[in-house]
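K.L.:
Need a 3D model of the following:
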Amino acid sequence: MFFPIYRSSLNRLLLVLSLLSSLLACSNDEPQVSVVENTAEATQASGIGEKSEEPKSEATPKYLPAVLVEEDEYAKYYEVYYDFKEEKWNDPEVLDAPRLRFGWRAPEDGGKKSVWSMRLDGSDLRQVVSADLISKAFEGTFHNSYPIERSPNNRYVAIGGTVCHGCAKRRIIDLDTKEIIELPNGSNVADFQWMPDSKSIVFNAEGLVHFNLETRKAEYINKRFRNDNRWGTWYLFEDGKKIIASIDRVGYVYDFDSGKLLEKIENWYGAPEQGDKVSYDKNYMIVSFLKDYSWTEFEQPTKSLGGAGEALSSDYAFMTYGAPIYKKCSEGVEVRLLDVNKDVVYVLPNPNDYKGGARNITLYNVSSEDLAKYY
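P.N.:
Got it, this is the predicted structure:
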């Protein structure tokens, strides 16, 4: 007869009791089934020759995970654990993993939007900016179409808010001091893009603006690059050293500091309002081809690398090519996985309310090690 080798004295005791029970049962000539409790530990102990260890008490998880509550033919639904917690911008627990950032109406905020974040597995939900601070900044709320952009050092959040038809405020909120920093306003999409040192930010406000946080001065810089006042979709890349602008489906690459034209790329374009997005690492794009969305390389947006799915809209984020796509949905956050038939939905509290889903989704705290998983 074969018996598994048990690691702990407790399991050895259980084994002895089980054997005694079997012997007593044999004396009555009745068949018995031996049940081993703690099957996970028994499975681990099947390696012959391993050193025995004392049993360890189960520790409470650092972050309570999202729990699977429903599954249908399209998705698996996980309920996000909610217990109010405020995010500290320089908290090591926040900085140690990539996170999603989004706007959401929390149950206790009376329908007002605030800024929240959570880890990519749907755990550790925290408030970044309160609804009261948002209301103070905009005399209302922020715009659903403007991504919320965090500075690389995590201290500042750039947000755009609608205050009237065709008029949108731009604000930076200092998460350390709670100061609200006013920026030039505009009717166009803000498209905030931070410089890597977190000391300045570039955005649209009836022209291209470079705002310095140290001097609090805003400089309109279109003429640094062109004299014809023509501009289009643009992106900073190579750590802010270069900027590319799409004009008549041609990508014009300039040195950011000098404004010198470095290169022209034919058939280069991007339309964020139609759902075109650049990856976190600035190496790839997702562009809208007909009804589908396609992966492309950053420098060749007309050459498809494969489908990224349908109905992404313009509110989603992703690290790089092949990485999960995080998009808005009415329940919370939907995660689209490459080559997986079913999506994952992280359900935020109050999912039956049409205002309950996440909006303005972006990523932050993404490291080179995180990106390397998909290279």
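K.L.:
From here on, just use CA atoms for contacts and neighbour counts.
P.N.:
Will do.
K.L.:
Tell me which stretches of the stretch 1-150 of the chain form strands.
P.N.:
Ranges of strands within the stretch 1-150 of the chain are 67-71, 75-79, 99-104, 114-119, 126-129, 149-150, based on DSSP state E, counting those that start in this stretch.
K.L.:
how about those in JSON lines, adding distance to residue 308?
P.N.:
Shown next, in JSON lines, are the strands of the stretch 1-150 of the chain (distance: least, CA to CA, whole Å):
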{"stretch": "strand 67-71", "distance to residue 308": "22"}
{"stretch": "strand 75-79", "distance to residue 308": "16"}
{"stretch": "strand 99-104", "distance to residue 308": "19"}
{"stretch": "strand 114-119", "distance to residue 308": "23"}
{"stretch": "strand 126-129", "distance to residue 308": "29"}
{"stretch": "strand 149-150", "distance to residue 308": "23"}
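K.L.:
Mean neighbour count, mean pLDDT and distance to residue 168 for those - can I get that in JSON lines?
P.N.:
What follows is the strands of the stretch 1-150 of the chain, written out as JSON lines (neighbours: other CA atoms under 10 Å; pLDDT from 0 to 100; distance: least, CA to CA, whole Å):
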{"stretch": "strand 67-71", "mean neighbour count": "13", "mean pLDDT": "96", "distance to residue 168": "38"}
{"stretch": "strand 75-79", "mean neighbour count": "19", "mean pLDDT": "96", "distance to residue 168": "34"}
{"stretch": "strand 99-104", "mean neighbour count": "25", "mean pLDDT": "94", "distance to residue 168": "17"}
{"stretch": "strand 114-119", "mean neighbour count": "23", "mean pLDDT": "95", "distance to residue 168": "17"}
{"stretch": "strand 126-129", "mean neighbour count": "21", "mean pLDDT": "96", "distance to residue 168": "19"}
{"stretch": "strand 149-150", "mean neighbour count": "24", "mean pLDDT": "94", "distance to residue 168": "16"}
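K.L.:
List just the one of the ones you listed that sits closest to residue 369.
P.N.:
Ranking these by proximity to residue 369 (CA to CA) places strand 99-104 first, at 14.2 Å.
K.L.:
what is the orientation angle of the closest one with strand 114-119?
P.N.:
Orientation check (axes from the mean of the first three to the mean of the last three CA atoms, to 10 degrees): strand 99-104 against strand 114-119 gives 150 degrees.
K.L.:
Partner strands of strand 99-104, with direction?
P.N.:
Sheet pairing for strand 99-104, assigned by DSSP bridges, gives strand 114-119 (antiparallel), strand 359-364 (antiparallel).
K.L.:
CSV please, covering these and showing distance to residue 344.
P.N.:
Formatted as CSV, those follow (distance: least, CA to CA, whole Å):
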stretch, distance to residue 344
strand 114-119, 14
strand 359-364, 16
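K.L.:
Run through the bridge partners of the residue nearest to the spatial centre of the chain.
P.N.:
Relative to the mean C-alpha position of the chain, the nearest C-alpha, by CA atoms, centre = their mean, is the one of residue 100, at 2.7 Å. Beta bridges link residue 100 to residue 118, residue 363, judged by DSSP bridges.
K.L.:
pretty sure it contacts residue 366?
P.N.:
No - between residue 100 and residue 366 there is no contact under CA atoms under 8 Å: 9.9 Å.
K.L.:
Could you pull up the mean pLDDT of stretch 313-322?
P.N.:
Stretch 313-322 shows a mean pLDDT of 90 in the predicted model.
K.L.:
actually stretch 288-299, not the one I typed
P.N.:
83.
K.L.:
Okay, buried residues for it please.
P.N.:
Of all the residues in stretch 288-299, those buried under the rule 16 or more other CA atoms under 10 Å are 288, 293-299.
K.L.:
swap in stretch 357-373?
P.N.:
Counting neighbours by 16+ other CA under 10 Å, the buried set in stretch 357-373 is 357-366.
K.L.:
Any chance of those residues in CSV with pLDDT and distance to residue 347 as columns?
P.N.:
Output for these, formatted as CSV (pLDDT from 0 to 100; distance: CA to CA, whole Å):
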residue, pLDDT, distance to residue 347
357, 86, 8
358, 90, 9
359, 89, 13
360, 89, 16
361, 93, 15
362, 93, 17
363, 95, 18
364, 94, 21
365, 94, 22
366, 94, 23
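K.L.:
so can I have a markdown table of these showing distance to residue 71?
P.N.:
A markdown table is the format used below for the buried residues of stretch 357-373 (distance: CA to CA, whole Å):
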| residue | distance to residue 71 |
| --- | --- |
| 357 | 18 |
| 358 | 20 |
| 359 | 23 |
| 360 | 26 |
| 361 | 24 |
| 362 | 26 |
| 363 | 26 |
| 364 | 29 |
| 365 | 30 |
| 366 | 29 |
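K.L.:
That's all I had, so thanks and see you.
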